[in-house]
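In: Need a 3D model of the following:
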Amino acid sequence: MAADRIDLNLLRVFDAIFEDRNLVLAGKRLNLSQSAISHALGRMRDALGDDLFVRTGRGMEPTVRALAMATPVRGALAQIKAALGVDEFDPAIARRTFVLAANDYITALLLGRLSQRLRVEAPLVDLVVRPSTRLDLAGQIDVGRIDLAIGIFADVPRRFRSIGVWDQTDVLLLHREHAIAKRPLTREDLLTYPLVAISQGGEEEGAVGGFIVERGLARQSEMFDREALERGFADHADAPRVRMAVAHSLAIPALLRHSDMLALVPSSLGRELERSGELEVRATPYACPDVTVRAVWHERNDADPGLQWLRKQLIDVSRQVRSR
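Out: Numbering: from 1, shown residues only. The predicted model follows:
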C-alpha cells in the first residue's frame, strides 16, 4: 500500500462517502464537485488496491475493506480536529445536525424539552431522532451514524462512554374510574386484573432477560423488570398475566380507558401520563430496584466540542424530568 499517497483530504472524502453512500451528497457535504469526489475515490482505490465502494441500486455499498476502515478513520479525523482546535462550537451560530437514538417515551420526556432549549440557544442546530430499538444500534454508533443513544443499558462496551441521565423504577398505572381506584393496590389485584406492558423486542428477536445484546452493547427491550415481577410472586401458585405487550408507550392511556387492565410502566413515564388527570400512579406491591437511563456515545467523540455541549444540555434538561 502506498501510504504516502493518502492525505487528510482523501480520508475526509472516504468518511463522507461512507456516511452518505452517495457521491453527490458526499460532495455537497464537503463543498466539492462530483468529479472531484470521483477523482479522490480513484486515488484511494489506487493507493489501497481495493474498490472500497461498489455502485448498487441502493447507493455506494462499502467493501469489506471499507467497513473495516470506517470506524478507525472517523476516530482519527475526530482526534485530528480536536488536536488542531478546529472544532470550536458556538451554539448561537453553529449549523449542525445531531443524530440521537431513543425510544418514544424518552423522546417525549427529554427531547421535547431539549428542543425548546435549542430553539433559544442554538437556533440553527437540528436534531434527528432514530429509534433506539433498531437492529445493530452499537454498529450505528461505531460508524458514526448515531452521535448519542439514550436508554437503559445493562452492559456498555469499553469503546463507549456513558453518563447517567435519571433513575427510575417500575410503577403501575390505572384509570381513575377503575374498580380499585379508590383503595390501595395489593398483590392480589395483580392476579385479578391483567397487565399491559411495553416490549420492543422479545425472545424471537434474541432478547435475554429483557435485553438484546449487539456488539457488546446490551439494550433494554422490555420496558419493565420482568425478573422483579416474577420474584414478587415466587411464593404464589399463580403469576400476574401480561395480557398485552405493546411497542408504543404513548398508546397506554387509550388502552387503559374503559379497561380493567393495569399498566406496568417506568416511573418517569407514569408521572408524565398522570398529569392528564385521567390516570393514576401506584407503587408496585413488590420490591422493584431502580435503574438508570443513560446517554451512550463512542469514545472518539469525548473531545468533540459540539457533542460535549449537547451532552451538557441533555443533563441540564433531564433535571426537569428528575424533579417531577
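
In: which helix is the longest one in the protein?
Out: helix 64-84 (DSSP state H).

In: quick one: buried residues of that helix?
Out: 66, 69, 70, 71, 73, 74, 75, 77, 78, 82 (16 or more other CB atoms under 10 Å). C-beta coordinates here come from the backbone N, C-alpha and C atoms, glycine included.

In: ok, residues contacting the helix or strand following that helix?
Out: Per DSSP states H and E, the first helix or strand lying C-terminal to helix 64-84 is strand 96-102. With contact meaning CB atoms under 8 Å, 6 or more residues apart in numbering, strand 96-102 is reached by 89, 110-111, 124-132, 134, 137, 140-141, 145-151, 306-307, 310.

In: Name the surrounding residues that touch stretch 105-116.
Out: 100, 102, 127, 129, 132, 150-151, 165, 198, 223, 249-250, 266, 268-269, 272, 293, 313-314, 317-318, 320-321.

In: Got a quick PyMOL command for the buried subset of those residues?
Out: Entered in PyMOL, the line below selects the buried ones among the contacts of stretch 105-116, by 16+ other CB under 10 Å:
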select buried, resi 100+102+127+129+132+150+151+165+198+223+249+266+268+269+272+293+313+314+317+318+321
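
In: Which members of the contacts of stretch 105-116 are positioned in helices?
Out: 268, 269, 272, 313, 314, 317, 318, 320, 321.

In: ok, now how distant is the first one from residue 171?
Out: Going from residue 268 to residue 171 by CB to CB, to the nearest Å gives 9 Å.

In: buried set for stretch 192-199?
Out: Result for stretch 192-199 [16+ other CB under 10 Å]: buried residues 193, 195, 196, 197, 198, 199.

In: any low-confidence regions in this structure?
Out: 1-5, 82-87, 134-135, 201-207, 322-324 (pLDDT under 70).

In: care to break it down by domain?
Out: For the chain, automatic domain parsing gives the domain ranges 3-84, 96-164+292-322, 170-289.

In: which neighbours do residue 268 and residue 171 share?
Out: With CB under 8 Å, 6+ apart, residue 268 and residue 171 have no common neighbours.

In: Now find how far off-centre the longest helix of the chain is within its chain.
Out: 22 Å (CA atoms, centre = their mean, to the nearest Å).

In: Thanks again, I'm all set now.
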